[in-house]
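K.L.:
Compute the structure for the input listed below.
(chains A and B)
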Amino acid sequence: MNRKIVRNIAIVSAFFIVTFSIMLITNYFQIRGFNPLQTEVIETLKQINDENSGNTELQEQIRQLDLLARRAYFVSISHLETGVYLLIGMLVVFIVAIRYYFAVIKNVPEKEIDPIDEWVEKTKARKYVNRAAGGLVTVALLFAFLSSPYLDSLKNGKPQDEKTVMTEMKNEDSTLSGEEYGFMDDSAEVLAENTEKPKENVSVTAPDSTPTDKPDSTPTDEPEIPKVTYNNFRGNNSSAITAAKNIPTTWDLNTNENIAWKTDIARQGYNSPVINGNKIFITGADEQARELYCYDLNTGKLLWMLAADNISGSPSEVPETSHDTGLAASTVATNGKQVCAIFATGDLICTDMEGKRLWAKNLGVPVNHYGYASSLLSFGDLLIVQYDNSNSPKLLALDMTTGAERWNKTRTDKITWSSPIITYIDRKPQLILMGNPSISSYNPNNGEKNWSVDFLSGEVASSPCSANGLVFGASEYSSLIAVDAISGEKLWETNEYLPEVSSPVATKDYIYLATSYGAIACYDAKNGELKKSIETDTEFYSSPIIAEGKIYLFSNSGKAFVYLANSELTLVNSFETGQRTFATPAFTDNRMIVRSENQLYCVTKKTIL
Amino acid sequence: MKRILKILGIFASVSPLVAEAQNRFPKPDFESGYIYPEFSYFVPDEMLWNTVDVVLLTIMMSVVAWAVLHRRKRAPVFIVSIISVLYFGFFRSGCVCSIGAIQNVALALTDSSYSMPVFVFLVFILPIIFTFLFGRVFCAGVCPFGALQELVNIRDFRLSKAVSSVLGIIPWIYLIFAILYAVTRSRFLICQFDPFIGIFRMGGDFGMIILGGLLLVASVFTGRPFCRFLCPYGVLLSLFSRISLLHPSVTPKCINCDLCRNACPVDAIRPPYENKIKESRAAGVNRLLVYFVFLPLMGLSGALLLHVAGDSFSHANKNVRLHELIMQNEANPQDVQPVDVEVFFSQGGTIDELASRVSEIRRQFISYSTIAGALIGLIIGATLINLSLKRTRKTYEIDSASCINCGRCFDYCPKNQLINKTE
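P.N.:
Predicted structure coming up:
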């Protein structure tokens, strides 16, 4: 072939390669992070559709737009792939052409008249190696110095006053996320609210809180902010295991031993407390009102209260509920920025941490013969609502800031009273729900179902638990099963002791559960073998929580049990508190918050106050 | 032209396989109750492909050994390079590769709980055995990374001996650190910073693709930059090649035309040399003595230096990072509690347990870093000693440690072509 032609082919292909590379790189940066399905138009139309359901024309329009967006996406992907193939093809053409062009030009050396002497080169090389070694040593020394603890202490150990540090911390927008550590899902952040002084202008007259012992610190002291949050029913992710430390194993409500404070609750409710920063949240409801309460963790004072009223679609008459469920059985959820509460009327409200109402909506009055009882679950900025009922069961994910629906899945399961949990499998979150007849796993980011296993029957009120890559579900009218959270395969099943209302808790080795007929049981997590059972002659609705390797559990009659979380269920302490207890306690460092039938109280080691 | 058509033909037959990779996309929601059918995917028989890999690896190295040592021809090596790029590179996505297998072997040697697949061991050991027998036949064109650089190389601008001597230390340091991070179960550095994998897979880390692209551009103008100045497996093979039973030699009855030296992409052919610069014998001996005395001292300094830095290196370990994250969180409870910490506690982890694991990891890092530092010091010292030796050569010689058996010198050698023609 004519060398000139080959050269021209090489030039043309080189020009093409450069142009195409620039285009592809530009395209890469343009489409990076762009989600074609979440266009403003589609989202707005979906929101309009949510508000006025039944508009078939609008729904058809959304479907067409969705289809168009999908088609556009696949076309752009196809174009990108074609582009890459074209580029590679042209690269091959260029290399072949250029190799062919140069093939006849042998790289003939010119005879060096005065060749560089090898020894001179070696001398120069020694010099370079010495310099490089010196550079390496300098870099290593610098590296060692910069990462030395001495430098850290110099940096942090300045006698900087605490106030300055606190101000800096408050102003700092901490962006530390899992992504920095190779964990890509950033939606599961859990925030502890910054410290703030209790609001002076409380909007309601607070029931008297009764601090039982004068704390050592003066009232002007800035209260210490507990680092451990407890954002949902049974803690963060509803895992039932808390990182809280220094929790007493004994207390006495009569003598106020290890009791920081106790306070009356305005309205009844079987929901459990949650804690974020220095704030405790619970709800209460009766036929007159549905209310969200915020208490001060340190004093037990009611900081604010918000009524769930003036909500569009809210029923004029409250639905009938059984006495042991009531109108406020669902526990609230917070993410440190917002707090949301739901009632048996279907009313859902969300406020900021100061009690300023952000949004409210009625999800449709649930047909539920005992009363709606599933607790809310926060997952980053998402609020997960397991809206199981007899008329329109669904699973919702709402934006906690705006209330906008992120996704919505129709549930095919029968009515339940169970609550959702989040578990992390291979560092990816899974949303686990008990239904009837299935225990199911969903992707909390988009609601796609991962797997489901049918095994439940009857009335399901207990919630699932998870540890070490396994998911466990149990209900009195069916069995206790273990499911591989990756494959969704049922690993084992047993039915000796089963919970009715109380939910189990799992560690990597064992599962602990409490039944409504007074048995506490420990199973081997690997094979379901019953390791230990204890008859207590009482009944349990409250769920066991593990803190510092100990299981804390309350019977309905108010008897507290503390066991070591081992296969023997070694008893640490058990005693009567004197107050009937149905709710599950909440924990943070040094404190346990218990909601009894009529009171909220704080258990703490007195010495630390 | 036939060669060009062959290349295009093979590429065209492989490209549809690459197109199988598709992005995931959320499925539409159906309110009509439509249930998606269950999908079942055919799982490829990986065992079969691994066997094919090993067999092909052996055959290709044998072909190169035959071509270079027996036939003294480059053409078969070139064809092997194309097959290697297409099969080991694009079709098998450059994994498992012998270079990365160093880490598996290092981990298996130090951690009895790690069981290394036989296939990985074979991929690691076969090139070493062949190198011991026939020189670096693996580097010639069987390694897809080397082959890719070989195929795009057009002109060969020579780097000065001084610069290449300094750059030649980098692969040793890279090898030592790769082993350090592998044996501490922290990360597989070689896999993480593989510059060509993104090209073979047509996707991946943007930075690595750019680095791979730059290395390829450099390969157009200079021979094998990755093999010479980065490849950690290359330094291992160079050790075995130094003592190999057979290796390429300069054509008998060399006419000293210098064409072969000029053609060598890795500067492995040494011309005849006689010392021209006269230095007193005493000065040369003194320098050597000083380096020999300083050799253990350099080892010790390196050991001491990395002993100090060892704890900092441990930050690459995910458990150490998690522990630090928890400690930071303990110290600053107002800060966002990172998801990793949440997950750790929610799965029943305890700080004490993690702390004891972390202290063991740190201890390992400090002791292995000390060894690594000593080795780096010794390597720098040995390089200096090597650069202080004066050798006189009467004829052209091939440095068997550097020679990659590419056979390019045979193509240029007029004497060799004459011999081939008469045969």
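
K.L.:
what about B:Y36, neighbour count?
P.N.:
For B:Y36, the neighbour count with other C-beta atoms under 10 Å in any protein chain shown is 9. C-betas here are computed from N, CA, C, even on glycine.

K.L.:
Quickly list the domain ranges of chain B.
P.N.:
B:47-248+B:399-422, B:281-386 (automatic domain parsing).

K.L.:
pLDDT below threshold where in the chain?
P.N.:
Picked chain A for this. Scanning chain A with the threshold set as pLDDT under 70 gives A:1, A:31-38, A:53, A:105-116, A:147-225, A:607-609.

K.L.:
my bad, the chain I had in mind was chain B
P.N.:
Within chain B, the segments meeting pLDDT under 70 span B:1-33, B:38-44, B:276-278, B:333-336, B:346, B:423.

K.L.:
Dead centre of it: give me the residue that sits there.
P.N.:
B:C231 (3.2 Å; C-alpha atoms, centre = their mean).

K.L.:
Give me the secondary structure label for the nearest residue to A:V603 once chain neighbours are set aside.
P.N.:
Take A:V603 and drop its neighbours on the chain: the residue closest to it by C-beta to C-beta, 6 or more residues apart in numbering or on different chains is A:M592, 4.3 Å away. Going by DSSP: H, G, I helix; E, B strand; the rest coil, the secondary structure assigned to A:M592 is strand.

K.L.:
With just CA atoms, put stretch B:241-253 into PDB.
P.N.:
The C-alpha coordinates for stretch B:241-253 follow below in PDB (Å, rounded to 0.1, in the frame of the first residue of the first chain):
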ATOM      1  CA  SER B 241      15.900 -14.400  34.700                       C
ATOM      2  CA  ARG B 242      19.300 -13.500  36.100                       C
ATOM      3  CA  ILE B 243      19.900 -17.200  36.900                       C
ATOM      4  CA  SER B 244      17.800 -18.600  34.100                       C
ATOM      5  CA  LEU B 245      19.100 -21.800  32.400                       C
ATOM      6  CA  LEU B 246      18.600 -20.500  28.900                       C
ATOM      7  CA  HIS B 247      18.200 -17.000  27.700                       C
ATOM      8  CA  PRO B 248      18.500 -15.000  24.400                       C
ATOM      9  CA  SER B 249      22.100 -14.400  23.300                       C
ATOM     10  CA  VAL B 250      23.700 -12.000  20.800                       C
ATOM     11  CA  THR B 251      24.000 -13.500  17.400                       C
ATOM     12  CA  PRO B 252      27.200 -15.500  16.900                       C
ATOM     13  CA  LYS B 253      29.800 -13.800  14.900                       C
END
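
K.L.:
Show me the contact partners of that stretch.
P.N.:
B:65, B:68-69, B:72, B:131-136, B:260, B:269, B:395-398, B:400-401, B:403, B:405, B:407, B:409-410, B:413, B:415-416, B:419 (C-beta atoms under 8 Å, 6 or more residues apart in numbering or on different chains).

K.L.:
So which bits of whichever strand or helix holds A:T26 are buried?
P.N.:
Under the criterion of DSSP states H and E, A:T26 resides in helix A:3-31. Buried residues in helix A:3-31, counted by 16 or more other C-beta atoms under 10 Å in any protein chain shown: A:V6, A:I9, A:A10, A:S13, A:A14, A:F16, A:I17, A:F20.

K.L.:
list the helices and strands that helix packs on?
P.N.:
Applying 3 or more C-beta pairs under 8 Å, 6 or more residues apart in numbering or on different chains; DSSP states H and E, one finds that helix A:3-31 makes contact with helix A:56-103.

K.L.:
Now do the helix it packs on and helix A:3-31, the angle between them.
P.N.:
Here helix A:56-103 runs at an angle of 150 degrees relative to helix A:3-31 (axes from the mean of the first three to the mean of the last three C-alpha atoms, to 10 degrees).

K.L.:
what's downstream of helix A:56-103, the next helix or strand?
P.N.:
With secondary structure assigned by DSSP H and E, helix A:56-103 is succeeded by helix A:118-146.

K.L.:
quick check, that following helix touching chain B?
P.N.:
Yes: with C-beta under 8 Å from any C-beta of the partner chain as the criterion, chain B is reached by helix A:118-146 at A:118-122, A:124-130, A:132-133, A:136-137, A:140-141, A:143-144.

K.L.:
mind listing what's buried in that helix?
P.N.:
A:118-119, A:121-126, A:128-129, A:132-133, A:136, A:140, A:144.

K.L.:
What of stretch B:131-142?
P.N.:
B:T131, B:F132, B:L133, B:F134, B:G135, B:R136, B:V137, B:F138, B:C139, B:A140, B:G141, B:V142.

K.L.:
Check stretch A:585-599 too.
P.N.:
A:585-596, A:599.

K.L.:
For A:N310, give me phi and psi.
P.N.:
phi 50, psi 50 (degrees, to the nearest 10).

K.L.:
Now do the helices in chain A.
P.N.:
A:3-31, A:40-51, A:56-103, A:118-146, A:149-156, A:162-171 (DSSP state H).

K.L.:
Relative to the whole chain's centre, how far out is the third one?
P.N.:
Chain-centre distance of helix A:56-103: 37 Å, with C-alpha atoms, centre = their mean, to the nearest Å.

K.L.:
Mind naming the longest helix for chain B?
P.N.:
Max-length helix for chain B by DSSP H is helix B:351-386.

K.L.:
Quick one: distance of that helix to the chain centre.
P.N.:
21 Å.

K.L.:
Over to stretch B:123-142?
P.N.:
On C-alpha atoms, centre = their mean, the centre of stretch B:123-142 falls 13 Å from that of its chain.

K.L.:
before we move on, what about stretch A:242-256?
P.N.:
Taking C-alpha atoms, centre = their mean, one finds the center of stretch A:242-256 at 27 Å from the center of the full chain.

K.L.:
Give me every residue in contact with it, excluding its own residues.
P.N.:
A:212-213, A:226, A:228, A:230, A:235-236, A:257-259, A:262, A:545-548, A:550, A:552, A:560, A:562, A:572-573, A:575, A:577-579, A:587-592, A:601, A:603-605, A:608, B:345.

K.L.:
now swap in stretch A:21-30 and tell me
P.N.:
Residues outside stretch A:21-30 that contact it (C-beta under 8 Å, 6+ apart): A:L80, A:G83, A:V84, A:L87, B:F206.

K.L.:
Using CSV, write down the CA coordinates of it.
P.N.:
Only the C-alpha atoms of stretch A:21-30 are listed here, as CSV (Å, rounded to 0.1, in the frame of the first residue of the first chain):
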residue,chain,number,x,y,z
SER,A,21,-12.0,11.6,23.2
ILE,A,22,-12.9,15.2,24.0
MET,A,23,-16.5,14.6,23.2
LEU,A,24,-16.7,11.4,25.3
ILE,A,25,-15.0,12.9,28.3
THR,A,26,-17.3,15.9,28.1
ASN,A,27,-20.3,13.6,27.8
TYR,A,28,-19.0,11.6,30.8
PHE,A,29,-18.9,14.7,33.0
GLN,A,30,-22.3,15.8,31.7
